[in-house]
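Participant: Quick one, what's the 3D model for this:
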Amino acid sequence: MTLSEFRARQSDYIAAAQREPVEITSRGVGRRAVVVSPDFFDRALEALEDQADIRAAAAACAETDPRVAHTDVMSEFGL
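Facilitator: Alright, predicted model coming up:
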């Protein structure tokens with residue numbers, strides 16, 4: 001839908017976004033925004049964070065720097 005359509009029927013489109021993402025377009029520009037439910041947004045954000053964690057873990061496993069023993073780290077911080 002266009003931005004003007006969204007403004008005219010905002011509550012209808014927000015209700016629809018609880019079931020599926022709703023795209024808002026603008027003439028000449030194409031897609032401007034996507035309205036989603038809070039649950040969808042939370043799940044999407046969590047999935048992105050999980051992917052970032054997976055990439056970071058893979059990068060850490062691939063490191064070739066010498067490793068420091070856990071006991072040495074604990075001693076260094078006085079723990």
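
Participant: After the helix ranked longest in the chain, which helix or strand is next?
Facilitator: Taking DSSP state H as the criterion, the chain has its longest helix at helix 38-62. Using DSSP states H and E, the helix or strand that follows helix 38-62 in sequence is helix 70-76.

Participant: just to revisit the earlier point, show me which residues of the longest helix of the chain are buried.
Facilitator: Buried residues in helix 38-62, counted by 16 or more other Cβ atoms under 10 Å: Phe40. C-betas here are computed from N, CA, C, even on glycine.

Participant: Now find how far off-centre that helix is within its chain.
Facilitator: Relative to its parent chain, helix 38-62 has a centroid offset of 8 Å by Cα atoms, centre = their mean, to the nearest Å.

Participant: cool, and stretch 8-18?
Facilitator: 22 Å.

Participant: In CSV, list the C-alpha atoms belonging to it.
Facilitator: C-alpha atoms of stretch 8-18 as CSV (Å, rounded to 0.1, in the frame of the first residue of the first chain):
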residue,chain,number,x,y,z
ALA,A,8,-6.1,6.8,5.8
ARG,A,9,-6.5,3.3,7.2
GLN,A,10,-3.7,3.1,9.8
SER,A,11,-5.5,0.9,12.4
ASP,A,12,-6.6,-1.6,9.7
TYR,A,13,-3.0,-2.0,8.5
ILE,A,14,-1.6,-2.3,12.0
ALA,A,15,-4.1,-5.0,12.7
ALA,A,16,-3.1,-6.8,9.5
ALA,A,17,0.6,-6.5,10.5
GLN,A,18,-0.3,-8.8,13.5
